[in-house]
Each structure stands twice: as structure tokens, then as C-alpha cells.
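Enquirer: Build me a model from this:
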Amino acid sequence: MKKLAIIAASLVLFASCKKSDNTTPAPTTPITTPTVTPTGGTYSDLFNFTSSTGNGPYGDLIISGSTLYGMTQNGGANNVGCIFSIGTNGSGYKDLHDFSVSPADGELPYGDLTLSGTILYGMAYQGGANGGGVIFSINMDGSGYTIIHNFGTNSSDGYYPLGNLTIVGSTMYGATSEGGVNGLGNIFSISTTGTGYTNLHSFKTATGISPESSLVVSGTMIYGTAYLGGGSNNDGVAYSFNMTGSVYTILCTFTGANGANPDGSLLLSGTTLYGMTNAGGANGDGNIFSVSTTGTGFTDLLDFNGANGNAAYGALIINGTTLYGMTTSGGTQAGGNVFSINTNGSGFSNLVSFGLGGSPGAFPHGSLLLSNGVLYGMTNSGGANGEGVIFNYSL
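Expert: Numbering: from 1, shown residues only. Sure thing, here's the model as predicted:
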């Protein structure tokens, strides 16, 4: 189950740290209306989830042409999630695949899909032949669902993946939250055909464990976050992994004071990585940070304080010098928000505040998608049926 409990933060002064680890691959709530900044754009609910269509999405949307694709973590025919498509105008919702316990084709997906050519790839957190989750492929029309890897196949394999796959050429990269040589998660690669599975790195307590995010791949470098471990505070790390030489390097150790428990993925822009934590910082509500790809120049760009959001589980996206993101709770109506902020930490703006129930939605857990001046996203609950929504926000 995804880690929602936050480890108590120890108020220790932040000290930037770099280490190398040459690991060999081895109860009823009122209906509310979203508030939008007067100078902001237009918010619209595109689709209200139901238990039969799938509900409770955790991940993000992707886009191809005028069609959005995504997954729900619950609901569908077997109540263990589904894969869906829908038009960018909210029409044409289609359940492409219902996950199932029997046959064991995967259950409870937390991440989102990755498109390569005309094939969608993704991971399910549980299920499969060994119960530890699967990597799957499926055609864009919903045909051809295929399991290409069952996690937990051997002692060095990871299991329980929470993020997405990153595809470079014909190779996919990802991380698991458990398993690997030390049982604490791993970084892996595998071909799009399912061959050549390789355990690139097994996490260990001293250098970060239990990753819940996706990977950023740039050349031979992989960048990511680990939710726990990495120091005496057990508050997680941001790291790099050089596939040449298998060199794992801690870019930043979170201590509570400078943030704690990074859940979402990193964003790479030039030589700067941007990210969020869901706890710690000045107010214990998480923060937005930046750090260079070499581990220097860590900057706390914004400390969440409840009123401006708290507990960010997704990743940031960028457009020019503006970052966009969401928090899972907090904001002016306590159900999370959509925000923008400049890359230097100035100009924070609360674009949408979600309520605690009813329309339009509540508690978004994923990240935003920007296409042609429109932000698309999902909430985990709320909406007309209390099961979450797909929304857009025109900038």
C-alpha cells in the first residue's frame, strides 16, 4: 500500500551531502465549488468517475492527438483499476482494460502510462504471477493487453512499483518500492519486448530506500528520489545514477528542515532538477526545491504552509520559467490545489482550490499535463459521484 504516513521530522539544520555508492547491478463532507484566481483561467470538470468506470486515480494523464489516456487505482469491472481513454473535450470515455485478480494480470496501478509508437506501457502495483506487480503493454485501442514482466521472479528482482516507466529507444527504465537484493527497492531496465531485465541498483538504508517516484533519464544518467532512508532522519534523498560504471550518488539528503519524504518525480530543466516533498520544510507541510544535477546549489523555493497547500505527491511541470504543480491537501478549501510558481521561487499563485467533497473534486495525487495552453489533471476523490474527476484548466 502506498506510504501515506509521514515520518516525524527532526528539526536539524540542513547540510548538503554527496555520497557515492558503487553498487554493482546486482465522514460526509459538504459540496464545495473550486475557487479560481480572478486573473486566472477557466476550470472545467471533463469527467466524473464512478465505481464501474474506474475510480480513485493516483497517476497522471498522457495525451496523443486529442485523446487522453490514464489509469484508475480502483473501480472498473473487477474493482482493482482500469486503463481508459477520453477526448480532451471530455467526450468518448472508453474503458480499454479492466485489471483483474483472476486471471492475474495486475492490480491497483499507481503510476501512469507511457506511449511509444502506438503501444502503451505501464505497471501495476500488485498482482501478476508472483503478486508483486507487472509491467504490461496494450494497444491504444485497448486490444493486445500483454504482461511483459512479472515482478518478484527471482531474489534480485524488485516488486511493488509505484511510478512510471521511462522509455529511451527500445529500453524502459523504472523503479520498485520493495525487492531487489536488499528488499528495499531497485532501479531496473528492460526492453519494450520484455527481454533483458536488468537490476541496475538495489537500494539500501544508508543511501535511500523505498522509491515511489518515476525516473528521469538523460544520456547515461538517471535521476530520482527515494522516499525514506539516506541518513539518521530517514527522510529520503534525491539521487543520480550513472549507468556508466554503475555509480550511485546522493545529490541531497533530506533532514526534515529542508523537506522530507519526496514522493513525486524530479523535473530536469537544463542542469537543474526541481522537485517537491510532502513533509518537512519550515512548516512541516513539505516544500518545493531545486538542486543542480551535480548536487550543488540546493534551494528551498517555497515552504508549503497549509493555506498554500501541503503534502505534494506529484511532480512539477515547466513552461518557460513557470512551474506548475498540485498539492494533495491544504489550500483555501483544504482539498488540495493547482498552483504556479516561477523557477526562482517568486510569484506563487493558487490557481484552483479543491474542496473536501462534491464538485469539482478533491485530493489530487498525481501531476499535471500541459497541452496547447491547457492543464489537464485528475483528483483522487470528490466530484459528482465522490469517485474523482478528470479536469482541465485553461491558462
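Enquirer: and the residue nearest to T118 when sequence neighbours are not counted, what is it in contact with?
Expert: Residue nearest to T118 in three dimensions, not counting chain neighbours: M140, with 5.5 Å by C-beta to C-beta, 6 or more residues apart in numbering. In this view, the C-beta of every residue, glycine as well, is placed from N, C-alpha and C. When contacts are counted by C-beta atoms under 8 Å, 6 or more residues apart in numbering, M140 touches S64, T67, Y69, S85, L115, T118, I119, L120.
Enquirer: What is the burial count for the first one?
Expert: Other residues lying near S64 total 12 when counted by other C-beta atoms under 10 Å.
Enquirer: Pretty sure it sits against L113.
Expert: No - using C-beta atoms under 8 Å, S64 is not in contact with L113, being 10.1 Å away.
Enquirer: helix, strand or coil for A206?
Expert: helix (DSSP: H, G, I helix; E, B strand; the rest coil).
Enquirer: Would you mind measuring from it to S91?
Expert: Between A206 and S91 the distance is 51 Å, computed by C-beta to C-beta, to the nearest Å.
Enquirer: and the contacts of M140, which two are the farthest apart?
Expert: T67 and I119 (14.6 Å; C-beta to C-beta).
Enquirer: distance of the residue nearest to T118 from I62?
Expert: For M140, the distance to I62 - C-beta to C-beta - is 11 Å.
Enquirer: Find residues that contact each of these two.
Expert: Common neighbours of M140 and I62 (C-beta under 8 Å, 6+ apart) are Y69, L115.
Enquirer: how about the nearest residue to G106 once chain neighbours are set aside, what does it touch?
Expert: In this structure, G106 finds its nearest non-sequential neighbour in A124, 3.0 Å apart by C-beta to C-beta, 6+ apart. The contact partners of A124, taken as C-beta under 8 Å, 6+ apart, are G81, F99, D105, G106, E107, L108, P109, G133, V134, F136, P161.
Enquirer: residue ranges with poor pLDDT in the protein?
Expert: Within the chain, the set of residues satisfying pLDDT under 70 comprises 1-40, 357-359.
Enquirer: Y121: how many residues sit nearby?
Expert: Y121, neighbours per other C-beta under 10 Å, totals 20.
Enquirer: just checking, it touches I135?
Expert: Yes - using C-beta under 8 Å, Y121 is in contact with I135, at 7.0 Å.
Enquirer: Overlap in contacts, the two.
Expert: L165, M172.
Enquirer: What helix or strand is I318 located in?
Expert: strand 317-319 (DSSP states H and E).
Enquirer: re earlier: just the buried subset of the contacts of M140, please.
Expert: Among these, the ones that count as buried by 16 or more other C-beta atoms under 10 Å are Y69, S85, I119, L120.
Enquirer: Spatially, what comes nearest to the third one if we skip its sequence neighbours?
Expert: Closest residue in space to I119, ignoring its immediate chain neighbours: S137 at 5.3 Å, by C-beta to C-beta, 6+ apart.
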